[in-house]
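Participant: What shape does this take:
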Amino acid sequence: MSYLHTTLTALFAFFLISCGTTSKVASNTDYPSEIAEFRKAKKQEFRESDHAPLKGAELDKMRFYKANESFRVTAKVELIPPGESITINTSSGEERNYIEYARLTFELDSQPHTMILHTSKSFAAIPKYKDLLFFMFTDETNGEETYGGGRYIDLSKTDIKDGTIVLDFNKAYHPYCHYSAGYSCPIPPADNHISVPVKAGEKNYAGEYKGAH
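Facilitator: So this is what the prediction gives:
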């Protein structure tokens, strides 16, 4: 998922820096502190990235829901047999290739949901990045309290334990195109819509959008 970065190197930079996959969280801490450390690390990654849309005082205008452990759920994982890649539309009208890796079944607010976990076709072919997984979703907060185009959660194949994986919506984040023009963001498939408000993770940016909507 490169945001208009045309080389594979830039693609890696986007995933590992803007998406927060490499963020480290504190161990042996209470849950709110863990989420606070995760968000602090994300802002630091923005500071260190040449491609990040926010810098300096702009980072103080990022907003988040209060950590709520009820939005940290365990999903049942059903692996999908390897098949052809699929194309997913982006905010710029481009198409990107992804692979449907697994079907996730979980409950939020007592509502059952079944959604798809993806991996990038480009990453899947490279040993160093082959374990990276990408969960993109929309929910009932989009367009009001969160970005209308949806949010993402980064995961790894190594997160799958005994046929389950933890989905922590407190770590859901916005793509670059929420903040600025000039990026091309994958649009979550219609089937990955959560029919309840997910009041967890990143909220709408409080600063000004850079460029014309």
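
Participant: The residue sitting nearest the centre point of the chain and residue 84, how far apart?
Facilitator: Among the residues of the chain, residue 152 comes closest to the average C-alpha position under Cα atoms, centre = their mean, at 2.0 Å. Going from residue 152 to residue 84 by Cβ to Cβ, to the nearest Å gives 23 Å. In short, each C-beta sits where N, CA and C put it, glycine included.

Participant: Now do the helices in this structure.
Facilitator: With DSSP state H as the definition, the chain shows helices at residue ranges 8-13, 31-48, 121-124.

Participant: Indicate which one of those helices is closest to residue 170.
Facilitator: Ranking those by distance to residue 170, with Cβ to Cβ as the measure, places helix 31-48 first at 4.9 Å.

Participant: tell me the average confidence for the closest one?
Facilitator: Taken as a whole, helix 31-48 has a mean pLDDT of 96.

Participant: mind listing what's buried in that helix?
Facilitator: Within helix 31-48, the residues that qualify as buried are 34-39, 41-43, 45-46, counting by 16 or more other Cβ atoms under 10 Å.

Participant: now that helix, how far from the centre of its chain.
Facilitator: Using Cα atoms, centre = their mean, to the nearest Å, the mean C-alpha position of helix 31-48 is found 14 Å from that of the whole chain.

Participant: what's that helix packed up against?
Facilitator: Helix 31-48 is packed against no helix or strand, with contacts defined by 3 or more Cβ pairs under 8 Å, 6 or more residues apart in numbering; DSSP states H and E.

Participant: Can I get that helix in CSV, CA atoms only?
Facilitator: What follows is the C-alpha trace of helix 31-48 in CSV, where atoms were taken according to Å, rounded to 0.1, in the frame of the first residue of the first chain:
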residue,chain,number,x,y,z
TYR,A,31,-3.7,-1.5,29.2
PRO,A,32,-4.3,2.3,28.9
SER,A,33,-0.6,2.8,29.3
GLU,A,34,0.1,0.3,26.6
ILE,A,35,-2.1,2.1,24.2
ALA,A,36,-0.6,5.5,25.1
GLU,A,37,2.9,4.1,24.4
PHE,A,38,1.6,2.7,21.0
ARG,A,39,0.3,6.1,20.0
LYS,A,40,3.4,7.9,21.2
ALA,A,41,5.5,5.5,19.1
LYS,A,42,3.3,6.2,16.0
LYS,A,43,3.9,10.0,16.4
GLN,A,44,7.6,9.3,16.7
GLU,A,45,7.5,7.4,13.4
PHE,A,46,5.8,10.3,11.8
ARG,A,47,8.6,12.6,13.0
GLU,A,48,11.3,10.3,11.6
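
Participant: remind me which residues of the chain are low pLDDT?
Facilitator: 1-29, 212-213 (pLDDT under 70).

Participant: what separates residue 43 from residue 202, distance-wise?
Facilitator: 11 Å.

Participant: Give me the buried positions along stretch 66-86.
Facilitator: Within stretch 66-86, the residues that qualify as buried by neighbour count (16+ other Cβ under 10 Å) are 67-68, 71-73, 75, 77, 85.
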